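Below are the sequence and a predicted model for it; my questions follow.
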Amino acid sequence: MRAAFYKLEFENYSIQNCMFIKMEKYFAPFRKNIIGLDTTITTPYGNDKKVLYADWTASGRNYRPIEERMCYEFMPYVANTHTETNETGMAMTHAYSRAKSIIKQHVNAKDTDVLLSCGSGMTGSSISFSVFLDLEFMKSIRMK
């Protein structure tokens, strides 16, 4: 009975290892475009260590094809989104409106749903949303 357990464990490991290798191969072209992938830092002891990035949930790393597109196609037109008296302002207003539509589509939001943006990533959005909820809660208490 004990030998069968070890054999099963080994077979599962082989299957998992094979899947891991397939995934590594599939994602290799994407991985090579991560900016800063091979960055090293010098430790206080004088050793060079490769940076281990572990904040994928909140921000992730910059991806070269996206950053290049932003740099060359988007950034030359950066302006205030509420300005429609010049070409760059209109371009940003249109881009911002289009981005909101795309995001709403991807999260199955309705036209009546509100998209809150704060310009500082997921952490900033979460903080803004929690502040908003707390303010609404405080208003409801005061009205009673």
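Nice, I can see it.

what about the most centrally placed residue in the chain, helix or strand, and which?
Centrality entry for the chain: nearest residue to the mean C-alpha point is residue 59, 4.6 Å, by CA atoms, centre = their mean. Secondary structure assignment for residue 59, by DSSP states H and E: no helix or strand.

same deal with residue 115?
Per DSSP H and E, there is no helix or strand for residue 115.

Tell me the secondary structure of the nearest residue to it once chain neighbours are set aside, please.
Counting by CB to CB, 6 or more residues apart in numbering, residue 100 is the residue found nearest to residue 115 once chain neighbours are left out, at 5.2 Å. In this view, the C-beta of every residue, glycine as well, is placed from N, C-alpha and C. Three-state assignment for residue 100 (DSSP: H, G, I helix; E, B strand; the rest coil): helix.

so how many other residues sit close to residue 100?
13 (other CB atoms under 10 Å).

number of nearby residues for the nearest residue to residue 83 once chain neighbours are set aside?
Closest residue in space to residue 83, ignoring its immediate chain neighbours: residue 89 at 3.1 Å, by CB to CB, 6+ apart. Neighbouring residues of residue 89 were enumerated by other CB under 10 Å; the total is 16.
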